[in-house]
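K.L.:
Next one to model:
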Amino acid sequence: MLILAIETSCDETSIAVLKDGKEILSNIISSQIEIHKEFGGVVPEIASRHHIKNIAAILDEALEEAKVTMEDIDYVAVTYAPGLIGALLVGISFAKGLAYSYKKPLIPVHHIKGHIYANFIEHEVSLPAITLVVSGGHTNIVYIDENHNFTNLGGTLDDAVGESYDKVARVLGLGYPGGPVVDKLAHTGDANAIPFKEAKVGEYDFSFSGLKTAVINFVNQKRMKEEEINVPDLTASFQGSVVKVLVKKAIRAALDKDCKTILIAGGVAANKSLRATLEEEALKKGIKVYYPSMVLCTDNGAMIAAGAYYKLKYHKEKAFGDLNLNGKATLSIEED
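P.N.:
From the prediction side, this is the model:
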């Protein structure tokens, strides 16, 4: 089975060809990071324009690298929610055009499910499992049962974890995106140097706005007093607080739901400290942790193809879309 999948939910334009849910024949990703850097974040209108500019060429490259033609493709899949609505519509319109022109079935895929299924491409995942979804726009704990039904157990009540990283990096003048540079600096600092309080919220919920504000206030006070800021210690303390609460709640959910598997999904799954700490703590409880390779942590077409593959396999009755398919800026994982 060959699935061609399109991902344009934010600022990466990606098209991939996946064989039988496992073999990546191509996974072309065009990132707009350098374009959005000067603005300190993604500008939706600019993102949409660049998707339009790049998508046709990326299709050609994806087919060429996979050594297939559109006639060889069995299904066309596309991210339809959640995401930037203008960006989503570029991918959806392109996918509908391909599906109509080549008479291929169209499969709409939920973006977060795609991130989760990135793990299934590279690993033999045992279900049920808990997934820790961590990205620039999402922070959730999701339960997946043996039949690939998804239940959202909790999530952030304000800022997503990746968004907090970006805002902390911005106030420190570290550039955009903030995650990789904060993670790198944090490894050179003392995570216990500055005590930050954990937000008191529901057992599977998160809140990072208070932590972000505490970091900003700390920086502003230091600057007002013209005191030097130990950036490695500050980033290490910030990251230590973030990782501690993510790990604690993911393991709690796994124990409560009697799961022997925890998956990490989303862009922040690339965070080295999160990976190492969750693996170490989960091992003590007899829980196995899986996370995607770096290229599959970012938004990419291969993960959307994997999402389509498992949607066909376990929920074929609701797998297909038609030419009326529209994008949705927000959609819970349970509503998909």
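K.L.:
how far away is the spatially most central residue of the chain from Ile46?
P.N.:
The residue lying closest to the centre of the chain (C-alpha atoms, centre = their mean) is Gly266, at 2.3 Å. The gap separating Gly266 from Ile46 is 23 Å, by C-beta to C-beta, to the nearest Å. All C-beta spots, glycine's among them, are computed from the backbone N, C-alpha and C.
K.L.:
Nearest spatial neighbour of Lys260, chain-adjacent residues omitted?
P.N.:
Spatial nearest neighbour of Lys260, chain neighbours left out: Ile287 (5.7 Å); criterion: C-beta to C-beta, 6 or more residues apart in numbering.
K.L.:
host element of Asn27?
P.N.:
Assigned by DSSP states H and E, Asn27 belongs to strand 23-31.
K.L.:
Can you classify the closest residue to Leu263 other than its chain neighbours by secondary structure?
P.N.:
With C-beta to C-beta, 6+ apart as the criterion, Leu263 has its nearest non-adjacent residue at 4.3 Å, and that residue is Thr131. Per DSSP: H, G, I helix; E, B strand; the rest coil, the secondary structure class of Thr131 is strand.
K.L.:
was I right about Thr131 contacting Ala269?
P.N.:
No - using C-beta atoms under 8 Å, Thr131 makes no contact with Ala269, being 9.9 Å away.
K.L.:
Which one's more surrounded, those two?
P.N.:
Using other C-beta atoms under 10 Å, the more surrounded residue of Thr131 and Ala269 is Thr131, with 32 against 27.
K.L.:
hey, where'd the helices end up in the stretch 1-150 of the chain?
P.N.:
Here the stretch 1-150 of the chain has its helices, by DSSP state H, counting those that start in this stretch, at 33-36, 44-66, 85-102, 111-122.
K.L.:
returning to what we had before: who's in contact with the residue nearest to Lys260?
P.N.:
251, 254, 259-262 (C-beta atoms under 8 Å, 6 or more residues apart in numbering).
K.L.:
coming back round to it: residue contacts, the residue nearest to Leu263?
P.N.:
Thr131 neighbours (C-beta under 8 Å, 6+ apart): 116, 140-144, 262-265.
K.L.:
Likewise for Leu325?
P.N.:
When contacts are counted by C-beta under 8 Å, 6+ apart, Leu325 touches 78, 80, 92, 96, 106, 108.
K.L.:
Just put those in JSON lines and tack on pLDDT and neighbour count.
P.N.:
Converted to JSON lines, these look like this (pLDDT from 0 to 100; neighbours: other C-beta atoms under 10 Å):
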{"residue": "Val78", "pLDDT": "98", "neighbour count": "30"}
{"residue": "Tyr80", "pLDDT": "98", "neighbour count": "26"}
{"residue": "Ile92", "pLDDT": "98", "neighbour count": "22"}
{"residue": "Lys96", "pLDDT": "98", "neighbour count": "18"}
{"residue": "Leu106", "pLDDT": "98", "neighbour count": "22"}
{"residue": "Pro108", "pLDDT": "98", "neighbour count": "25"}
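K.L.:
follow-up on the earlier one: could you give the angle of the strand holding Asn27 to helix 44-66?
P.N.:
Counting by axes from the mean of the first three to the mean of the last three C-alpha atoms, to 10 degrees, strand 23-31 lies at 150 degrees to helix 44-66.
K.L.:
one step back: what distance do you get for the residue nearest to Lys260 to Val268?
P.N.:
Distance of Ile287 to Val268, computed by C-beta to C-beta: 19 Å.
K.L.:
Then Ser9?
P.N.:
Distance from Ser9 to Val268, counting by C-beta to C-beta: 16 Å.
K.L.:
Check Asp20 too.
P.N.:
From Asp20 to Val268 the distance is 29 Å (C-beta to C-beta).
K.L.:
Please identify which of the two sits among more neighbours.
P.N.:
A count of neighbours by other C-beta under 10 Å puts Val268 above the other of Asp20 and Val268, at 26 against 9.
K.L.:
pretty sure that one is in a helix, no?
P.N.:
Yes - under three-state DSSP, Val268 sits within a helix.
K.L.:
Give me whichever of the helices of the stretch 1-150 of the chain is most buried.
P.N.:
Among the helices of the stretch 1-150 of the chain, helix 111-122 has the highest mean neighbour count (mean count of other C-beta atoms under 10 Å), at a mean of 25.
K.L.:
could you give the angle of that one to strand 23-31?
P.N.:
140 degrees.
K.L.:
quick one: average confidence on helix 111-122?
P.N.:
For helix 111-122, mean pLDDT rounds to 97.
K.L.:
just the CA coordinates of it, formatted as CSV?
P.N.:
Taking C-alpha atoms only, helix 111-122 is exported to CSV below (Å, rounded to 0.1, in the frame of the first residue of the first chain):
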residue,chain,number,x,y,z
HIS,A,111,-2.2,16.5,13.0
ILE,A,112,-1.7,15.3,16.6
LYS,A,113,-2.5,11.8,15.7
GLY,A,114,0.1,12.1,13.0
HIS,A,115,2.7,13.1,15.5
ILE,A,116,1.8,10.1,17.7
TYR,A,117,1.9,7.7,14.8
ALA,A,118,5.4,8.9,13.9
ASN,A,119,6.5,6.5,16.6
PHE,A,120,4.8,3.6,14.9
ILE,A,121,6.9,4.0,11.8
GLU,A,122,10.2,3.3,13.6
